[in-house]
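[1] my questions concern the predicted model and sequence given below.
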Amino acid sequence: MSTYQVATKNLGIVNAETFMDSVSNNSAYYVFAAKHGLNSSDVIPSPADSTTTLTQAYSDMIFGKKITDTNLSIMIKRYNWESNVVFDMYEDSDSDLKNKKYYVLVEEGELYKVYKCLFNNNGGPSIVEPSGTDTDILEIPIDGYIWKYMYSFDLFNALRFVTDTHIPVVEDLAVTQAAVPGSIDVVKINYGGAGYNNYTVGSFRNASDLSIGQDSRQYGLDESASLIDNYYKNCLMKITSGNAIGEYRTIIDYKIEQGRRIVTLDNVFSEVISTTDTYEIYPRVYFTEVSGNVTSQCIARAIVGGTSNTITRIEVLNPGEGYRAAKAELRPDQSVGLDSNFLAELTPIMPPQGGHGSDVKSELGGNHVGISISFIGDNSPLTVRGTADYSTIGIIKDPLYANVRIYIDSTETAGQFTKFEDAYKFKQIKLAGSVNFNSSNTIIFSTDPDTVRSLRSGDEILIKSESQRFKSKVDTIIDPTTFTIQDQPTLDQSNGSLYLVQSQYFGQIKDIQLDYLDLTNVNVKEFNDSDYILGGTSFAYSKLDSTVNDYLLINNRAGDSFSGFNQLTKLYGDFTSQTVFQLDETVTQTPVTENSSTGKVYNFENNVEVNKDVIYLSNVTSDFLTVSEGGTGEIVGNTSSFVSQYKYNGDLIPDSGEILYLENVNPINRSTTRSETIKLILRF
């Protein structure tokens with residue numbers, strides 16, 4: 001692999017957006033809590049990225065909660081505005097910009113505002129806090145800083161996502177719509193030069209200085225102006241008082257006639273100029289587009305100062321539009337007598353594609369994703385009643401559920417499901433016409449050419465008659481009414497209905513009853529209660545019956561659309577000793593041997609649910625046999641014993657899915673009256 005390469009910041013931003021899109025549309029992600037019973041420590045070990053660590057994490061899992069759109073935000077690093085601090089400025093050529101403080105967070109009561117620094121007054125400290133939400137750039141004369149308001153967020157978003165190190169990104173539509181592609185808002189002075197004497201300020205003395213010779217483009221300057229012809233050529237005259245205040249025009253000629261100092265402008269002023277109105281004349285900055293389509297010229301002037309008449313500041317009067325790359329220069333007339341060794345050097349700062357504020361995530365380096373999720377008190381199935389702790393937080397993608405029951409609508413059921421076949425979720429679109437085929441080949445004949453025109457190779461199809469069904473994929477389109485499929489039909493059909501389907505593996509059927517199916521290895525990606533269920537080999541199908549209050553059960557409790565999981569083993573039975581187990585102790589099934597099942601006590605309850613005691617275990621090895629399963633059911637600890645009658649294992653298939661993230665923390669104590677908000681920052 002070549003060493004002459006770079007992964008741009010855009011790759012991280014795209015990956016962050018892709019992750020968020022995957023959470024929203026494609027996969028099931030859960031934040032989980034794990035590993036209970038550790039003591040607080042000043043030294044928190046970093047989890048290793050190894051197979052052993054990931055395997056142990058499954059054993060340590062306690063509960064998890066599904067991540068939804070509302071739990072996510074693109075994040076950027078946090079830089080608070082502070083007085084007398086030098087902030088970095090945005091520069092299009094700065095390859096290390098992502099590591100610099102070129103934007104700030106300002107807190108105004110319960111509102112939080114973010115501003116991008118377009119100019120830092122050549123490395124001076126910021127004295128005045130930026131404020132306001134105007135979409136125009138904000139210039140602060142006191143400290144010379146130029147800021148661009150980017151967006152705001154409220155206290156609600158602050159509480160959910162803000163950390164000591166990161167803040168959320170929230171698009172401001174007004175800022176986005178006001179962005180100007182290819183505008184030049186700042187011109188950096190690389191070298192101020194010397195000898196730029198071609199500037200002056202003054203006022204119009206009398207009416208004869210206005211519209212000289214009835215030419216409204218000609219004006220007479222006062223006595224402070226130079227007596228050298230062409231001295232102010234290529235400079236800008238800006239009106240600083242009167243009706244035309246703020247207007248500016250380019251000087252195309254300057255001459256001395258009978259002692260009068262006369263400028264000729266490229267265009268007339270829009271408003272009437274009066275005597276005593278004041279003006280300023282400074283060198284104009286000229287811009288040359290290197291490669292682009294300029295639709296509006298950038299106009300700026302160079303402010304001169306100091307004993308050497310150096311360029312101290314570039315004031316952009318009109319940022320223009322459509323520049324991709326530009327050069328900036330001053331064009332003083334030869335009469336000014338500048339030394340070629342002391343010519344100023346200027347660099348226009350080009351905005352991001354689309355202009356400042358057009359894409360906040362990209363402009364401010366939004367390659368982090370914030371996840372904010374709350375574990376709420378006694379919120380089953382995420383927790384068990386009582387208190388305990390956890391010291392690891394993780395993220396798991398697309399785990400499989402183990403013990404799921406779904407209720408189906410018998411009026412929407414066709415055919416007979418079979419045990420141990422795979423089940424698929426699917427949506428169906430009926431196509432025009434009917435189809436004919438037989439079991440001796442894979443050729444399908446359609447009565448309507450629109451049917452075949454709707455198909456492509458690889459499309460999944462379902463063919464139905466009154467009593468039979470068959471599912472396959474399109475192989476080859478032969479002609480407008482004929483195509484082949486990939487699988488040999490198992491039936492003959494002369495008038496079948498054809499459906500285009502979108503299917504996804506859902507799980508394996510363990511048991512079948514009239515109104516429900518029991519499944520394992522259940523894939524919950526894109527779960528929707530309006531889905532149909534299709535048998536992979538029987539081709540029986542049915543619709544989930546969402547009219548049933550608890551149409552989805554996980555380990556015999558309400559499944560709530562797979563919004564969370566409880567990975568503890570739950571054992572019902574009775575304590576047979578005078579004492580109960582201690583939290584976090586290891587318990588063992590009798591008879592005790594080196595191969596006996598063991599587990600770690602997370603919690604226990606007395607006399608709940610049909611007058612039974614309940615214990616909850618993590619880190620379970622092997623499989624505890626209960627009385628109902630033909631075992632002794634006896635479990636012993638250091639000083640206590642328990643006989644288990646029946647059990648529910650953890651919701652998830654161990655080692656299914658992918659663990660993407662692990663973080664060790666000092667133990668967090670749970671409580672039935674308290675919630676914990678977990679904030680994670682993922683960098684891409």
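    Cool, got the structure. Source: prediction; values computed, not measured.
[2] hey, let's count contacts and neighbours off CA atoms from now on
    Noted.
[3] and N649, what is it in contact with?
    Residues in contact with N649 (C-alpha atoms under 8 Å, 6 or more residues apart in numbering) are 555, 567-570.
[4] which of these fall in strands?
    569-570 (DSSP state E).
[5] switch the contacts of N649 over to TSV; also include pLDDT and distance to K255.
    Shown next, in TSV, are the contacts of N649 (pLDDT from 0 to 100; distance: C-alpha to C-alpha, whole Å):
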residue	pLDDT	distance to K255
N555	93	95
Q567	94	90
L568	94	92
T569	94	96
K570	93	98
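[6] which of the contacts of N649 lies closest to Y323?
    Q567 (58.0 Å; C-alpha to C-alpha).
[7] pull the contacting residues for the closest one.
    Taking C-alpha under 8 Å, 6+ apart, we find Q567 in contact with 61-63, 618, 649-652.
[8] out of the residues you listed, which is most surrounded?
    I62 (29 neighbours; other C-alpha atoms under 10 Å).
[9] next one, pLDDT for it please.
    For I62, the model assigns a pLDDT of 93.
[10] what do you get for the one 4 residues further on?
    Per-residue pLDDT puts K66 at 95.
[11] that one: neighbouring residues, count only.
    With other C-alpha under 10 Å as criterion, K66 counts 20.
[12] next, it: phi, psi?
    For K66, the backbone dihedrals are phi -70, psi 140 (criterion: degrees, to the nearest 10).
[13] and the residue nearest to it when sequence neighbours are not counted, what does it touch?
    What sits nearest to K66 in space, not counting adjacent residues and going by C-alpha to C-alpha, 6 or more residues apart in numbering, is Y30, at 4.2 Å. By C-alpha under 8 Å, 6+ apart, the contact list for Y30 reads 64-67, 395-397, 564.
[14] how close does Y30 sit to F269?
    Per C-alpha to C-alpha, to the nearest Å, Y30 is found 65 Å from F269.
[15] thinking again about what came up before, of the contacts of Q567, closest to K113?
    The closest of these, once distances to K113 are taken by C-alpha to C-alpha, is F63, at 36.4 Å.
[16] how about that closest one: what's its closest non-neighbour residue?
    Nearest to F63 is N566, by C-alpha to C-alpha, 6+ apart, at 4.3 Å.
[17] that neighbour and K65 touch, don't they?
    No: N566 lies out of contact with K65 (C-alpha atoms under 8 Å); the separation is 9.0 Å.
[18] sort out which of the contacts of Q567 are in strands and list them.
    With DSSP E as the criterion, strands contain 61-63, 618 from among the contacts of Q567.
[19] of these, which is the nearest to S530?
    Taking C-alpha to C-alpha as the measure, S530 lies nearest F63 of the ones in strands among the contacts of Q567, at 27.1 Å.
[20] is it true that the closest one touches L568?
    Yes: judged on C-alpha under 8 Å, F63 makes contact with L568 at a distance of 7.4 Å.
[21] roughly how far is stretch 245-259 from the heart of the chain?
    Between the centre of stretch 245-259 and the centre of its host chain there is 54 Å, according to C-alpha atoms, centre = their mean, to the nearest Å.
[22] distance of I349 from S291?
    Separation of I349 from S291 (C-alpha to C-alpha) stands at 15 Å.
[23] neighbour count: the two, which is higher?
    Shown here are I349 and S291; by other C-alpha under 10 Å, I349 has more neighbours (21 against 11).
[24] how about the contacts made by that one?
    91-92, 184-188.
[25] closest one to M150 out of the ones in strands among the contacts of Q567, please.
    Among the ones in strands among the contacts of Q567, F63 lies closest to M150 (C-alpha to C-alpha), at 38.9 Å.
[26] now do that closest one against T586, distance only.
    Taking C-alpha to C-alpha as the measure, F63 falls 19 Å from T586.
[27] in the protein, which helix is the longest?
    For the chain, the longest helix by residue count, based on DSSP state H, is helix 9-21.
[28] other SSEs contacting that one?
    Applying 3 or more C-alpha pairs under 8 Å, 6 or more residues apart in numbering; DSSP states H and E, we find helix 9-21 packed against strand 72-77, helix 360-363, strand 368-376.
[29] still on that earlier bit, gap between the residue nearest to K66 and T163?
    Separation of Y30 from T163 (C-alpha to C-alpha) stands at 21 Å.
[30] repeat for S274
    In this view, S274 and T163 are 58 Å apart by C-alpha to C-alpha.
[31] again, but for N664
    18 Å.
[32] what of Y516?
    According to C-alpha to C-alpha, Y516 stands 46 Å off from T163.
[33] quick revisit: same list (the contacts of I349) but as a markdown table, adding secondary structure, distance to V106 and neighbour count.
    Shown next, in a markdown table, are the contacts of I349 (DSSP: H, G, I helix; E, B strand; the rest coil; distance: C-alpha to C-alpha, whole Å; neighbours: other C-alpha atoms under 10 Å):
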| residue | secondary structure | distance to V106 | neighbour count |
| --- | --- | --- | --- |
| E91 | coil | 22 | 20 |
| D92 | coil | 24 | 12 |
| I184 | coil | 25 | 28 |
| D185 | coil | 22 | 25 |
| V186 | strand | 23 | 22 |
| V187 | strand | 26 | 22 |
| K188 | strand | 26 | 18 |
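[34] now, which of those residues sits nearest I463?
    The closest of those, once distances to I463 are taken by C-alpha to C-alpha, is D92, at 58.9 Å.
[35] surely that closest one touches M350?
    Yes: D92 is within contact range of M350, at 5.8 Å (criterion: C-alpha under 8 Å).
[36] pick the most buried one from the helices and strands packed on helix 9-21.
    strand 72-77 (a mean of 24; mean count of other C-alpha atoms under 10 Å).
[37] Provide the strand pairings for it, with the direction of each partner.
    strand 166-168 (antiparallel), strand 368-376 (antiparallel) (DSSP bridges).
[38] and these as JSON lines, adding mean pLDDT and distance to G123?
    Listed next are these as JSON lines, based on pLDDT from 0 to 100; distance: least, C-alpha to C-alpha, whole Å:
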{"stretch": "strand 166-168", "mean pLDDT": "98", "distance to G123": "25"}
{"stretch": "strand 368-376", "mean pLDDT": "93", "distance to G123": "28"}
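[39] minimum distance to T312: which of these has it?
    Distance to T312, taken as C-alpha to C-alpha, is lowest for strand 166-168 among those, at 35.5 Å.
[40] what residues does the closest one touch?
    Counting by C-alpha under 8 Å, 6+ apart, 73-78, 157-158, 161-162, 370 sit against strand 166-168.
[41] give the contact list for L265.
    Counting by C-alpha under 8 Å, 6+ apart, L265 makes contact with 217-218, 249-253.
[42] ditto for I189
    I189 makes contacts with 311-314, 344-347, as judged by C-alpha under 8 Å, 6+ apart.
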